[in-house]
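Undergrad: need a 3D model of the following:
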Amino acid sequence: MWLARRAGELYLVNESEEVLERVSASPIGWLRLGYEEGGAPLNQPTPCIDYHDVPEGAAVKVAEYDDFYDLDFDLGVSLVIQSQRMGCVELQTPLNKGGVKETVLLWSNGDVGAGVFRSRC
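TA: Here you go, the predicted model:
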């Protein structure tokens with residue numbers, strides 16, 4: 001399972017060999033205030049995107065970025081994924097300036113991709 005970015009759109013690609021009963025995505029991150037000043041957390045309501053019964057081999061849009069204005073933000077995405085085999089897991093991507101790049105979430109052996117944090121729901 002991985003994230004693919006095309007222009008400013010981010011897609012979850014289901015290569016898990018099973019139907020994902022639920023996929024829920026929410027943005028995470030903060031605004032860069034300057035090199036020495038640190039950052040400010042995003043304090044706006046975070047919209048949640050929900051999908052149900054995502055078939056094997058399908059891709060669903062989980063985030064959208066502006067390739068100019070989002071460069072001032074360190075952004076990521078939090079995904080709640082539920083399936084028969086995995087149960088319910090939450091995956092958080094590493095934060096990246098301008099939004100998430102192409103990222104492996106879960107390898108076929110169940111290991112998480114580099115920098116991805118996994119927890120149970």
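Undergrad: and the helix or strand harbouring Lys61, what's buried?
TA: Lys61 belongs to strand 59-64 when assigned by DSSP states H and E. Across strand 59-64, burial judged by 16 or more other C-beta atoms under 10 Å covers 59, 62-63. Using the backbone N, CA and C atoms, a C-beta is placed for each residue, glycine as well.
Undergrad: what do you get for stretch 64-75?
TA: 65, 70, 73-75.
Undergrad: can I get the buried residues of strand 59-64 in JSON lines with pLDDT and distance to Glu9?
TA: Converted to JSON lines, the buried residues of strand 59-64 look like this (pLDDT from 0 to 100; distance: C-beta to C-beta, whole Å):
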{"residue": "Ala59", "pLDDT": "97", "distance to Glu9": "10"}
{"residue": "Val62", "pLDDT": "96", "distance to Glu9": "9"}
{"residue": "Ala63", "pLDDT": "93", "distance to Glu9": "8"}
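Undergrad: tell me the one of those residues nearest Gly29?
TA: When those are ranked by distance to Gly29 (C-beta to C-beta), Ala63 comes first, at 10.4 Å.
Undergrad: so the closest one touches Ala25, yeah?
TA: Yes: Ala63 lies in contact with Ala25 (C-beta atoms under 8 Å); the separation is 6.4 Å.
Undergrad: find residues that contact each of those two.
TA: Counting by C-beta atoms under 8 Å, 6 or more residues apart in numbering, the residues touching both Ala63 and Ala25 are 49, 77.
Undergrad: closest to the centroid, which residue in the protein?
TA: The residue lying closest to the centre of the chain (C-alpha atoms, centre = their mean) is Val77, at 3.4 Å.
Undergrad: ok, back up a step: tell me which two of the buried residues of stretch 64-75 sit farthest apart.
TA: Top of the distance list for the buried residues of stretch 64-75 (C-beta to C-beta): Tyr65 and Asp74, 11.9 Å.
Undergrad: please name the nearest non-neighbouring residue to Ser24.
TA: Distances taken as C-beta to C-beta, 6 or more residues apart in numbering place Val80 nearest to Ser24, at 4.2 Å, with adjacent residues excluded.
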